[in-house]
Each structure stands twice: as structure tokens, then as C-alpha cells.
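Asker: got a predicted model here, sequence first, then my questions.
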Amino acid sequence: MTENKDMKKDEISINQEKCLSLLTISEKIRYVGIINKFGRTITGKLKNGIRPILTPEQARDERYIESTRQQLRKSLEASIGKSIYTIEKNENVTFLLIPYRIKDFFYYITMEKNTTLNEISDIINKITEKSG
């Protein structure tokens with residue numbers, strides 16, 4: 001039982017380090033999290049000095065909506081292929097969802113509202129490189 005707990009602690013630590021590493025990719029990134037297919041946060045890191053836009057309840061609902069949408073799209077994969085990333089541009093923030101290569105997880109990233117498409121493309125490329 002202890003070995004299993006240690007393994008989970010190691011996995012949590014690895015995921016936290018990944019989030020911290022991805023935060024350094026761009027000054028435009030506000031938050032990096034890893035969520036599961038149900039929208040539950042596995043781990044997440046908010047950039048120092050950044051105030052969350054969403055309340056904890058709103059953030060939970062937002063992640064649930066995004067993960068549910070991804071699960072619904074799975075039935076279309078045979079026709080359109082697997083999702084590579086999803087960008088949602090809002091008035092106050094931009095969301096980016098990238099499927100995690102391992103397990104059924106997603107990188108859930110928020111960026112400043114003034115992040116350009118070129119900057120988002122650069123962020124996506126860097127995340128893809130870092131995550132293998």
C-alpha cells in the first residue's frame with residue numbers, strides 16, 4: 001500500500017513540475033493545469049502575482065464543460081481525427097486545451113486576453129516540444 005502511495009506522490013510531483021515548467025514558456029500564460037476527462041484538476045499552477053478571474057466554483061464548472069466537450073467529440077474522431085488543441089478567445093481571457101499524450105488528461109491553460117494567434121501558436125509548439 002505504501003508503494004502505491006509513493007507512486008502517486010511521485011506522479012503528483014512530476015505533474016506539478018510539468019505545470020511549473022510550462023508556466024515559463026510565455027509571459028502571456030496565467031495558469032497551467034492538468035485535468036482528467038471529467039474536468040477534475042490533477043494539478044495546476046497559477047503564475048505568481050496573477051489574480052484568478054474565476055471563482056473556484058466557476059473554474060470547476062469551466063473545466064467540466066471543456067472536458068465534457070472533448071469527450072463528446074471523441075465519437076467524431078473516426079471522421080475528423082483526434083483533437084490536437086482547442087482555443088477559446090473571450091473578452092477577458094483566452095483558454096487553451098491540449099490533450100496530454102499519456103492517459104486521458106488535458107493541459108488546461110489560460111492566457112492573457114491580448115495574446116495574439118501567433119503567440120498562441122508559439123505556445124502550442126513549445127508545449128508540444130516539452131511534453132514529447
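Answerer: That came through fine.
Asker: dump the residue contacts of residue 95.
Answerer: Applying CB atoms under 8 Å, 6 or more residues apart in numbering, we find residue 95 in contact with 62, 66, 86-88, 108-111. C-beta coordinates here come from the backbone N, C-alpha and C atoms, glycine included.
Asker: of those, which is the nearest to residue 24?
Answerer: Set against residue 24, the nearest of those by CB to CB is residue 109 (12.7 Å).
Asker: which element is the closest one on?
Answerer: Using DSSP states H and E, residue 109 falls within strand 106-112.
Asker: cool, and residue 96?
Answerer: Using DSSP H and E, residue 96 falls in strand 93-99.
Asker: what segments of this structure are helices?
Answerer: Here the chain has its helices, by DSSP state H, at 2-23, 56-73, 77-80, 117-131.
Asker: quick check: buried residues in the last one?
Answerer: In other words, helix 117-131. 119-120, 123-124, 127 (16 or more other CB atoms under 10 Å).
Asker: pLDDT below threshold where in this structure?
Answerer: Applying pLDDT under 70 to the chain picks out residues 1-7, 132.
Asker: just put the helices of the chain in a markdown table and tack on distance to residue 94.
Answerer: Converted to a markdown table, these look like this (distance: least, CB to CB, whole Å):
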| stretch | distance to residue 94 |
| --- | --- |
| helix 2-23 | 15 |
| helix 56-73 | 13 |
| helix 77-80 | 23 |
| helix 117-131 | 7 |
